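Novice: when you get a sec, could you give me coordinates for this:
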Amino acid sequence: MLKLVIYGHDSEEFNNKTQEFIQTKAAFKEQTLMLEHSLISLSKWESIYHKPFLDDSAKKTKEETKEYIKCMTLTQNVDESVYDNFTDDDYKKINDYIQDPMTATWFTKEQTAGVPTIHRSSEKISSELIYYWMIACEIPPQYEKWHLNRLLTLIRICNIKNKQPKKMGKKDILSKNAALNAARRKSYGSKG
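Specialist: Below you'll find the model as predicted:
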């Protein structure tokens, strides 16, 4: 969960009719937002825009990005103007939080061979597909509140652990048996 404090800013606008500057007070002084990048947030956003959020080929507009932050917001009754007062630093903090793997788990190439991931999958990853993966891996529904990257890592682990071991070819079996026999002959001092 990301805790973000947004500060309201008084503004000054120029009125072309009267040729005067008008001072406007901020609607709020400061607002603390609690944000969560989760499957729930993803589902909310996709229900609004009807396209997969995790599709890197389609860049998101500023409005779509702002809407995703609203979907991530757990804080109740947030004034709309709060989202207009984000600084570049606020967006950087949010992006860093979204990109954080949130886990100590890492994978080898051998472990992930044949296991689909977001970046290697040929299909578009939507919230419904992730829910399907959760059901297929028997992951309880309350995990939809986990940080999305952590949940996807758990799904990958389940897929790796549930994957059938690769069958050895005849050549590999013969080679392995020959190595075992050679080791036994050496340990017993036998030639046959």
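Novice: mind listing what Ser126 touches?
Specialist: 46, 52-54 (Cβ atoms under 8 Å, 6 or more residues apart in numbering). For every residue, glycine as well, the C-beta is placed using N, CA and C.
Novice: name the single longest helix found in the protein.
Specialist: Of all segments of type helix in the chain, defined using DSSP state H, the longest is helix 170-188.
Novice: from the middle of its chain, how far away would that one be?
Specialist: Relative to its parent chain, helix 170-188 has a centroid offset of 46 Å by Cα atoms, centre = their mean, to the nearest Å.
Novice: about what we covered before: only whichever of the contacts of Ser126 are buried, select them in ChimeraX.
Specialist: A single ChimeraX command is used to select the members of the contacts of Ser126 judged buried by 16 or more other Cβ atoms under 10 Å:
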select :46,52,53,54
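Novice: ok, which pair from the contacts of Ser126 is furthest apart?
Specialist: Glu46 and Leu54 (9.3 Å; Cβ to Cβ).
Novice: report the helix or strand with the lowest average pLDDT across the protein.
Specialist: Lowest mean confidence among the helices and strands of the chain (mean pLDDT, DSSP states H and E): helix 109-112, at a mean of 68.
Novice: what about Asn95, helix or strand, and which?
Specialist: Using DSSP states H and E, Asn95 falls within helix 88-99.
Novice: repeat that for Phe14.
Specialist: Here Phe14 is assigned to strand 11-15, by DSSP H and E.
Novice: try Pro101
Specialist: Under the assignment given by DSSP H and E, Pro101 is not contained in any helix or strand.
Novice: good, we can wrap up now.
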